[in-house]
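Undergrad: just a sequence and a predicted model for now, questions to come.
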Amino acid sequence: MDEPLANRIEVKNLTLGYGDDVVLDALSLPIPRGQITVLAGPNGCGKSTLLRAIRRLHAPQSGQVLLDAEDISRLGGKALGRRIGLLAQSPSAPLDMSVEELVRLGRYPHQAMLQPWSARDDAAVVAAMDGTGVAHLRARRIGSLSGGQLQRAWIAMVLAQETDVICLDEPVNHLDMAHQLDCLELVTRLNREEGRTIVLVLHDLNLAARYADQLVFVAGGKVRERGAPEVMMRADLIAEVFNVTAEIIIDPVHQRPICIPHRRG
Ligand SMILES: Nc1ncnc2c1ncn2[C@@H]1O[C@H](COP(=O)(O)OP(=O)(O)OP(=O)(O)O)[C@@H](O)[C@H]1O
């Protein structure tokens, strides 16, 4: 049998933008199979655009996204939906939908015409609600949820999709500290125990450094630098990319670098 490819996804020379504005400028990025990749960078640098391009929600002006060496533009919509799940920033759904109905939407790429809802679909929905701690909210209308509860329901929807690649855009937004940890520990378990490839956008560099195998700084439409958190968390690089003067120390509990910002510039 052939060895699996080292990279689950390869973004190659991707150029895209909105109108005349180029957001991603010949950006290339390998996303290793079975690892957690975290994208970070200043507001507006194109992190969400990149995630959406990986899920084929934006057509590139040039360049490609390869999934297991196959150009995603050649895949059918449902086939791609069974392989890459994306929680976009600020997703929306009808407010009178229940949490369980929302999570069940994650099964859509697995549904075929005339095929009944299966025990496997049920199991995926239950596991996703349990994992994100929203099972007790299953009958609630999503319009009645708090910001953090709603965010967890959306994460459950993506997990119910049971994809090999899970992309989450700022998944810990709106979450309190305990639920931030729950969310990131859950994706870490899906990664370590089930080998799923995870791509996250995180603004909190300390969480990024703690959970990432590969940390990627995006700036100026390109990958400015990528590598292990130990290599990436440098005061000079953080000053250049984020425009803050910061000190880097090692977290004595997790032995990961953490960043203490002093001031702007
Ligand atoms: N639908 C759109 N139409 C026009 N411009 C857009 C659109 N979506 C995003 N942009 C612009 O593209 C650029 C990149 O936006 P994007 O949301 O990808 O950045 P980001 O790195 O995810 O930002 P943030 O950290 O603020 O979430 C920004 O300048 C933004 O204003």
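TA: Yep, that arrived.
Undergrad: for the residue lying closest to residue 213 once chain neighbours are set aside, what are phi and psi?
TA: Excluding the flanking residues, the one nearest residue 213 by C-beta to C-beta, 6 or more residues apart in numbering is residue 35, at 4.0 Å. In this view, the C-beta of every residue, glycine as well, is placed from N, C-alpha and C. Reported as degrees, to the nearest 10, the phi and psi values for residue 35 are phi -120, psi 170.
Undergrad: in stretch 158-178, what's buried?
TA: 158-172, 175 (16 or more other C-beta atoms under 10 Å).
Undergrad: residue 254: how many residues sit nearby?
TA: Using other C-beta atoms under 10 Å, residue 254 has 12 other residues around it.
Undergrad: equivalent analysis for residue 15, please.
TA: A total of 15 residues lie near residue 15 under the criterion other C-beta under 10 Å.
Undergrad: what does residue 265 give?
TA: Other residues near residue 265 come to 7 when the count uses other C-beta under 10 Å.
Undergrad: residue 51 too?
TA: Neighbours of residue 51 using other C-beta under 10 Å come to 24.
Undergrad: secondary structure class for it?
TA: helix (DSSP: H, G, I helix; E, B strand; the rest coil).
Undergrad: now it: how far from the ligand?
TA: Counting by C-beta to the nearest ligand atom, to the nearest Å, the gap from residue 51 to the ligand is 8 Å.
Undergrad: and for residue 137?
TA: Where the ligand is concerned, residue 137 sits at a distance of 27 Å (C-beta to the nearest ligand atom).
Undergrad: check what pLDDT the residue of the stretch 51-200 of the chain found nearest the ligand gets.
TA: Here the stretch 51-200 of the chain gets closest to the ligand at one residue, residue 89, 6.1 Å apart by C-beta to the nearest ligand atom. On the pLDDT scale, residue 89 is placed at 89.
Undergrad: give me the element it is part of.
TA: Assigned by DSSP states H and E, residue 89 falls within no helix or strand.
Undergrad: in helices only, show me the buried residues of stretch 158-178.
TA: 158-160 (DSSP state H).
Undergrad: phi and psi next, for residue 218.
TA: Torsion angles, degrees, to the nearest 10, at residue 218: phi -100, psi 130.
Undergrad: so what pLDDT did the residue of the chain most remote from its centre get?
TA: Relative to the centre of the chain, the most outlying C-alpha is that of residue 114, 31.9 Å out, by C-alpha atoms, centre = their mean. pLDDT for residue 114: 70.
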